[in-house]
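> Sequence and predicted structure are below.
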Amino acid sequence: MKITLIYPKVGKGKAAPLSLLSLASQVDAEIIDERLGPVQTDANLIGITANTGEQLKNAVQIAKNLRKRECKIIWGGNHATILPEQVLRSGLADFVIRGEGEIPLKELLAGNIVNGVCYLKDSKFIENGFGQCGPLKIFDYDNRIGIYDYSYLEFSRGCPFSCSHCLNSVHFKKYRTHDPVEYSAFIRRTAQKHKIKRFWFVDDNFFATPKALELLGLLKDADLEFEIPGVHIECIKDYGVELSDLREAGVKTMYIGVESGSERILRMLNKNLKLDDLFSVNRKLTGFNVVYNFMAGFPGETDEDFTATINVIKRLLSENPEASVSPLYAYTPYPGTALYDRSIKAGFIPPDSLEGWANFNWSNIRLPWVSAKRKKQIEDMYKWALFLGKKPSHVIRNGFARAGLVLMMPVLRPIAWRKCQ
Ligand code: SF4
């Protein structure tokens, strides 16, 4: 049986599709990444992954084309995990795998229906919970490593926190890490073999385990550089000498999820983050590129909450000139999260079809609690927040664009502050 796993087109970047690469390391499958070229396959078993929104739109189109010939289609990924029945009833899927796919896919190929595998039987939806989470296995993707725009690593999977807006705990049912000794050896091997210097960890909450420090400690003499996009203040608030260790180990950039400057909203998000800790850590994070992530548009968010977010951004940037802010993300309600129920109570009407969810993005959805004025503010902050800090250049990787941006900063910064008030 020939198996193809498809990653539908999404966004402009080319992050390695680690979920499919992990699956392909366990079953004999080819991967087609639509960002790299058109989807052409004669496989008789197709796996498609998709997040809600743009990627789902492309996944629907791919599945419609595949439906013109004889083949079985299995859907996985975030969207199929949150709404498996709707995906199956669209007629574009024979099976849905919810949660992590490695074990369910292997079993399904062996003819076994196990946890995580959903399907329709005589039009009845057969639900089988979530895929079993086995131990993390190291996988090489040697033949594809030069294709993607970064060298990606996954040291841990899942997150021990349970923020009410986040899909992590819906998708990943168990938090696990690799063994630091084995994983550091893997990183060294990969760096030497492919002459790679800089790595990007995809972990959602990298420092949630002390093993992260152990891993980086083992790589101190490897002369590598690391970007860590999933950092939670609670996990690093007590770091002292550890911060010097991180600098020595080559950690260059940390992306820190704050979400809101309002203590009230942070409590609602179950974020487990205190603003005093945030300010204190921010002052200690010298020598790193620090990028803070904020969101807006939460149900129940008042003008005071929104202003509090802007004020916290101001303070972070003034107390740490090396800090910057990523585009302000708009809250979007996802089924399965705790905040979704609150959004429904607040008047959010979810799409009633797969196509509706495929068009689900900030410009198309209506959140009744977000006024037209606030929507415009959020959109402006999405475009301009990048230019608020003194040192936004590390967010832009392209050398020419970065140099141009540095030159333009004296002009852009005041405009950004006007737009973001
Ligand atoms: S800490 Fe981050 S990854 Fe973990 S639940 Fe909260 S938002 Fe999600």
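Yep, it's here. Treat the numbers as computed from the prediction; the structure is a model and nothing was measured.
> Surely Ser280 is within a helix?
Yes. Assigned with DSSP: H, G, I helix; E, B strand; the rest coil, Ser280 falls within a helix.
> Count the residues that sit near it.
The burial count assigned to Ser280 is 13, neighbours taken as other CB atoms under 10 Å. Any C-beta I mention is one placed from the backbone N, CA and C, and that applies to glycine too.
> so what pLDDT did it get?
For Ser280, the pLDDT comes out at 98.
> And the one 4 residues further on, by the same measure?
We note a pLDDT of 96 for Lys284 in this prediction.
> from what I can see it touches Val241, true?
No. Counting by CB atoms under 8 Å, Lys284 does not reach Val241; the two are 11.1 Å apart.
> neighbour count winner among those two?
Lys284 (14 against 6).
> For the nearest residue to that one once chain neighbours are set aside, list the residues it contacts.
Of all residues not flanking Lys284 in the chain, Leu243 sits nearest, at 6.1 Å (CB to CB, 6 or more residues apart in numbering). Shown in contact with Leu243 (CB atoms under 8 Å, 6 or more residues apart in numbering): 236, 284-285.
> so Leu243 is in which element?
Here Leu243, judged by DSSP states H and E, is contained in helix 241-249.
> Could you list the buried residues of that helix?
243, 246, 249 (16 or more other CB atoms under 10 Å).
> who touches the helix or strand following it?
Sequence-wise, the next helix or strand downstream of helix 241-249 (DSSP H and E) is strand 251-259. If you take CB under 8 Å, 6+ apart as the criterion, strand 251-259 is touched by 163, 165, 198, 216, 225-233, 265-266, 269, 271, 273, 278, 285, 288-295, 312, 326, 394.
> Quick check: neighbours of strand 251-259 in the sheet, parallel or antiparallel?
Paired strands of strand 251-259, with direction, are strand 225-231 (parallel), strand 289-296 (parallel) (DSSP bridges).
> TSV for those, including distance to Ser371?
Shown next, in TSV, are the strands paired with strand 251-259 (distance: least, CB to CB, whole Å):
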stretch	distance to Ser371
strand 225-231	31
strand 289-296	12
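> Name all residues that make contact with Val203.
Careful, residue 203 is Asp; it's not Val. 154-157, 212, 228, 230.
> Neighbour-wise, give me the winner out of these.
With neighbours set by other CB under 10 Å, the maximum within those is found at Ser156, which has 26 neighbours.
> Spatially nearest residue to it (excluding sequence neighbours)?
Thr177 (4.2 Å).
> what does this structure have sitting close to the ligand?
159, 161-163, 166, 168-169, 204-205, 232, 257 (CB under 6 Å from any ligand atom).
> and Asn311, how many neighbours?
With other CB under 10 Å as criterion, Asn311 counts 12.
> Could you report the separation of it from Asp341?
From Asn311 over to Asp341 the distance is 30 Å, taken as CB to CB, to the nearest Å.
> related to what we said a few turns ago, which of the contacts of strand 251-259 are buried, as a ChimeraX select command?
To isolate the buried ones among the contacts of strand 251-259 in ChimeraX, judged by 16+ other CB under 10 Å, type:
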select :163,165,216,226,227,228,229,230,231,232,233,265,266,269,271,273,278,285,288,289,290,291,292,293,294,295,312,326,394
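> Tell me who's in contact with the residue in the stretch 301-421 of the chain positioned nearest to the ligand.
Nearest to the ligand, among the residues of the stretch 301-421 of the chain, is Thr337, at 9.5 Å (CB to the nearest ligand atom). Applying CB under 8 Å, 6+ apart to Thr337 gives the contacts 164-167, 170.
> out of those, which one sits closest to Lys345?
Comparing the contacts of Thr337 against Lys345 with CB to CB places Ser164 closest, at 13.3 Å.
> show me the contacts for the closest residue to the closest one other than its chain neighbours.
Leaving out its chain neighbours, the residue that sits closest to Ser164 by CB to CB, 6+ apart is Ala338, at 3.8 Å. Contacts of Ala338 were listed using CB under 8 Å, 6+ apart, and they are 162, 164-165, 270.
> Quick one: neighbours of Lys72, just the number.
16.
> oh sorry, the question was meant for Pro17
The burial count for Pro17: 24, using other CB under 10 Å.
> Quick check: nearest residue in space to it, chain neighbours excluded?
Tyr7 is the one closest to Pro17 (CB to CB, 6+ apart), at 4.2 Å.
> Tell me if I'm right that that neighbour and Val39 touch.
No. In this structure, Tyr7 is not within contact of Val39 by CB under 8 Å, at 9.5 Å.
> Neighbour count: these two, which is higher?
Of the pair Tyr7 and Val39, Tyr7 is the one with more neighbours under other CB under 10 Å, namely 26 against 19.
> can you give me the helices for the stretch 251-400 of the chain?
263-268, 275-284, 303-319, 338-345, 354-358, 372-384, 399-419 (DSSP state H, counting those that start in this stretch).
> Check the offset of the shortest one from the chain's centre.
So that's helix 354-358. In terms of CA atoms, centre = their mean, to the nearest Å, the centre of helix 354-358 is found 20 Å from the chain centre.
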